[in-house]
Every structure is written in C-alpha cells, then in structure tokens.
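In: The sequence and its predicted three-dimensional model are supplied below.
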Amino acid sequence: MENMGISKNSLCKLSIGSKIWFIEERQGYTVRATGKQYLILTKPFNPKKTVLYTILDVEQMIRGRENLIFCAGAETDEQCQDMVARLIDGETEISSRYVIAAHISKIVQCTSVIK
C-alpha cells in the first residue's frame, strides 16, 4: 500500500499537535514529540484513562513501540521528549518484535499552538 503521496520531508516538518492517521486504524494519532528521524505519536485509550503510543521512524517508514521491557510511558510531553532523546542517543530503538510498516492515510498539520 502507498502512503497516499506523503513525503518523508513533509513528515519531518510536522509540528507538535499535528495529527496522523494510519490506513489500518480508525482513530488518528497526535504528534507529541519530534526529533531527527522520529515522531512520538499518541492517541487516547479511554478504558484505562491513558494513551497508546507509537514511534514513527520517518527514514525507514516503520512504526512500533520502544524496545524497553518497562516503558517509561508516553502520557506527558516530558516523557515523550525523553523517549525521543533515548532513540536519538541510541539507548533504545523501535522494538523489532512489534514493528510494522507505516501506511499513512492522512495528515493534518497543526497551525497554531494554544498555551
């Protein structure tokens, strides 16, 4: 499946708050942190009052979870920034057990930040 004409360059330029939808999922993910080739994306998981996360590797166009046994979480912006820092520093990587191809169906760029 194609990524609907979405370039890697446009993904790298996404700002925090932008939304990404994957072909195999109905609900979109929100960009919570960016760095180098990685985007940390989350979406609400209401039954547990938390979030589900995925790491998008823009260079390889794959996504998955971090390869830590006990993940530090992705509920806060700080946790997401820490995750990106670990990925960039090479301390962790996307888990090879749960990696899937990133088939993006839609992107909505966030144009303003509300503080």
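Out: On my side now, so go ahead.
In: C-alpha from now on. contacts and neighbour counts both.
Out: Will do.
In: Touching the lowest-mean-pLDDT helix or strand in the chain from outside, list them.
Out: When the helices and strands of the chain are scored by mean pLDDT, DSSP states H and E, helix 8-12 comes last with a mean of 84. Residues from elsewhere that reach helix 8-12 (CA atoms under 8 Å, 6 or more residues apart in numbering): 36-37, 58-59.
In: Dump that helix to CSV, restricted to CA.
Out: Extracted as CSV, the C-alpha positions of helix 8-12 are listed here (Å, rounded to 0.1, in the frame of the first residue of the first chain):
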residue,chain,number,x,y,z
LYS,A,8,9.3,11.9,4.3
ASN,A,9,10.2,15.6,4.1
SER,A,10,6.7,16.6,4.9
LEU,A,11,6.6,14.2,7.9
CYS,A,12,9.9,15.7,9.3
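In: returning to that earlier point: which of the contacts of helix 8-12 sits closest to residue 68?
Out: residue 37 (19.2 Å; CA to CA).
In: who touches that closest one in this structure?
Out: Neighbour list for residue 37: 12, 57-59 [criterion: CA under 8 Å, 6+ apart].
In: Most neighbours of all these, which one?
Out: Greatest neighbour count in those, by other CA atoms under 10 Å, goes to residue 57: 22 neighbours.
In: can you pull up the bridge partners for that one?
Out: Here residue 57 sits in beta bridges with residue 38, residue 62, going by DSSP bridges.
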